[in-house]
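>>> Here's a sequence, model it:
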Amino acid sequence: MTLELELTSVHFADGGLGVHWTRTQDGQVLSVLFDHMKVDSGVKDGDVAPEVQHAEGSVRCIGSGFVTVQVRGATIVTGMHGYAHATGWANGRRLRAAPGPSDEPFVMSTVAPVSQDGQLRLSLLLLAQRDLLEPNSAAACWIDSIDIVVVPEPRSRPDQVDSIGS
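Below is the predicted model of the structure:
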């Protein structure tokens with residue numbers, strides 16, 4: 001069996017994220033863990049601007065095809081007017097978390113093509129702003145992991161199916 005696509009490595013521009021990664025021996029699954037992909041806004045913040053963290057990374061690949069990208073994290077918000085959001089893109093395909101309770105984990109996912117240059121570009125954005133009207137409010141958002149899995153090539157495409165009967 002020949003593999004159409006293999007995930008070989010990952011690199012993020014910001015060395016302070018505490019990135020650790022591993023992949024399966026066949027290169028079909030790559031997992032990334034972050035130690036420091038987090039924003040928090042609390043009473044100690046003297047600035048009214050939201051806390052922001054942006055991370056750019058790329059996965060090197062051999063071959064072409066599609067991958068699923070799943071990003072996992074969580075948010076927490078106290079105060080009615082605070083917010084914490086995570087969003088991202090994988091080769092231009094939007095990663096979006098469904099709105100849910102602010103104290104539960106989230107999963108963002110998409111299916112993305114690997115570029116002809118063998119790159120899967122990842123862009124992640126975190127925003128958090130405490131409720132400025134409540135003195136003891138807080139907001140935080142973090143991403144702890146990304147799993148990237150090669151989508152298997154179909155065995156046959158519909159346009160290649162032999163007709164039965166003549």
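
>>> which residues does the most centrally placed residue in the chain form a beta bridge with?
Geometric centre of the chain, nearest residue: V71, 3.6 Å, by CA atoms, centre = their mean. On the basis of DSSP bridges, V71 is bridged to M108, I146.

>>> Likewise for F66?
P113.

>>> Next, count neighbours for it.
Residues within reach of F66, counting by other CB atoms under 10 Å, total 18. (Glycine included, C-beta is placed from N, CA and C.)

>>> cool, D144 as well?
D144 has 15 nearby residues by other CB under 10 Å.

>>> Same check on E104?
9.

>>> Identify the residue nearest it in space, chain neighbours excluded?
A74 (7.0 Å; CB to CB, 6 or more residues apart in numbering).

>>> Spit out the contact partners of that neighbour.
D103, E104, P105, F106, C141, W142, D144 (CB atoms under 8 Å, 6 or more residues apart in numbering).

>>> Show me the beta-bridge partners of the nearest residue to the first one once chain neighbours are set aside.
In other words, D103. Once flanking residues are discounted, D103 sits nearest to I76: 5.2 Å by CB to CB, 6+ apart. Counting by DSSP bridges, I76 is bridged to A140.

>>> Of the contacts of A74 - the most surrounded one?
Ranking the contacts of A74 using other CB under 10 Å puts C141 first, with 27 neighbours.

>>> separation between the nearest residue to that one once chain neighbours are set aside and V39?
Using CB to CB, 6+ apart and skipping the chain neighbours, the partner closest in space to C141 is A84 (3.9 Å). According to CB to CB, to the nearest Å, A84 and V39 sit 8 Å apart.

>>> shared neighbours, these two?
Shared contacts of A84 and V39, defined by CB under 8 Å, 6+ apart, comprise L126, L127, A128, A140, C141.

>>> Phi first, then psi, for S64.
Dihedral angles of S64 (phi, psi; degrees, to the nearest 10) stand at phi -140, psi 160.

>>> what bits of this protein have low per-residue confidence?
1-3, 98-102, 155-166 (pLDDT under 70).

>>> Strands of that one, start to end?
For the chain, the strands defined by DSSP state E cover 5-12, 19-23, 29-34, 38-41, 51-63, 66-78, 83-90, 93-96, 105-113, 119-129, 138-150.

>>> which residues sit in contact with V150?
V150 makes contact with L3, E4, L5, E6, L7, G27, Q28, V29, G65, F66, V67, according to CB under 8 Å, 6+ apart.

>>> Nearest residue to H81 in space, ignoring adjacent ones along the chain?
Counting by CB to CB, 6+ apart, H81 lies nearest to D131, which is 4.3 Å off, once chain neighbours are set aside.
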